[in-house]
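S.K.: Need coordinates for the below:
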Amino acid sequence: MGDRVAHVRTGPAARHEGIGPRLRAGIVVNLSAARIRGAGLGYRPVVQRLGEHAAHPRCGRRGWRVSASSDARSLPFAPDFFDAIVCVDSIYYFGTDDLYLNYLARFVKPGGPVGIAGAGLAREIEGAVPDHLAEWWTQDLWCLHSAAWWRWHWERTGIMDIDLADTMPDGWRLWLDWHRAVAPDNAAEIKAVEADRGAYLGYVRLVGRRHGQATLADHIVSVPAQYTKKPLLRSEE
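M.R.: Residues are numbered from 1 along each chain as shown. Take a look at the predicted model:
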């Protein structure tokens, strides 16, 4: 699914966000860009794999330059720096924040695509967690959402024109195959995916383009304030 999101024609610079534990280097090999920059949550081994993959002949004669920042919520890039942004299997860690799209969009040029793909839900869970998922489900899994939810989450801001939002057919089978290959001891998750059979769990993707007329709010990291010393207790007045 990452291949399907990442296969977009771009200019000289693209950013691959989401250096996550599930990422495979081949996910971004089809990006026709001279520079690929990675940013995520500090998964250095995967960044190294991306760097090694940059030597592959399919990357072109000029190759890719790969770099990484420590946190996708504190990016060291100028506004309008990228032609495209691709986020694979990590957006749920930070992108559900109501303010994150406003922050992220500033780094892609107006009209540039932003694509996400990764684990999610075929439909939203309404009410209690289904019984067959309850043993595996933990509080951090509430970050998983459906393609329809992601479309709503982005469209309501007016920042993105949505090109597509869908769910991979039989994505749960790939989720299961991946887990059996890299984490065969994680019996709880394997059992949950097997029992679910795509009723809720799967892979989703979303692709939008930054609306050129949308006004982005300034990213606030601190609130300046003047401090006037006052007594802490009334008895000190």
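S.K.: For the chain, name the helix or strand with the lowest mean pLDDT.
M.R.: Least confident helix or strand, the chain: helix 44-53 with a mean of 42, by mean pLDDT, DSSP states H and E.
S.K.: W136 and A192 touch, don't they?
M.R.: Yes - counting by Cβ atoms under 8 Å, A192 is a contact partner of W136 at 3.8 Å. (C-beta placed from N, C-alpha, C; glycine too.)
S.K.: Neighbour count for the two, which is higher?
M.R.: Ranked by neighbour count (other Cβ atoms under 10 Å), W136 and A192 place A192 first, with 22 against 19.
S.K.: Work out for me the element the more buried one sits within.
M.R.: Using DSSP states H and E, A192 sits in helix 187-196.
S.K.: Could I have the CA atoms of that helix written out in PDB?
M.R.: Provided in PDB are the C-alpha atoms of helix 187-196 (Å, rounded to 0.1, in the frame of the first residue of the first chain):
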ATOM      1  CA  ALA A 187       0.400 -14.300  19.800                       C
ATOM      2  CA  ALA A 188      -2.200 -11.700  21.100                       C
ATOM      3  CA  GLU A 189      -2.100  -9.600  18.000                       C
ATOM      4  CA  ILE A 190      -1.900 -12.500  15.600                       C
ATOM      5  CA  LYS A 191      -4.900 -14.100  17.300                       C
ATOM      6  CA  ALA A 192      -6.800 -10.800  17.100                       C
ATOM      7  CA  VAL A 193      -6.100 -10.300  13.400                       C
ATOM      8  CA  GLU A 194      -7.000 -13.900  12.600                       C
ATOM      9  CA  ALA A 195     -10.300 -13.600  14.500                       C
ATOM     10  CA  ASP A 196     -11.200 -10.200  13.000                       C
END
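S.K.: What mean pLDDT does the next helix-or-strand element following that helix get?
M.R.: Next helix or strand after helix 187-196 toward the C-terminus (DSSP H and E): strand 201-210. What strand 201-210 shows for mean pLDDT is 97.
S.K.: So in that sheet, which strands flank strand 201-210, and in what orientation?
M.R.: Strand 201-210 pairs in its sheet with strand 113-121 (antiparallel), strand 160-167 (antiparallel), by DSSP bridges.
S.K.: Report the angle between it and helix 187-196.
M.R.: 90 degrees (axes from the mean of the first three to the mean of the last three Cα atoms, to 10 degrees).
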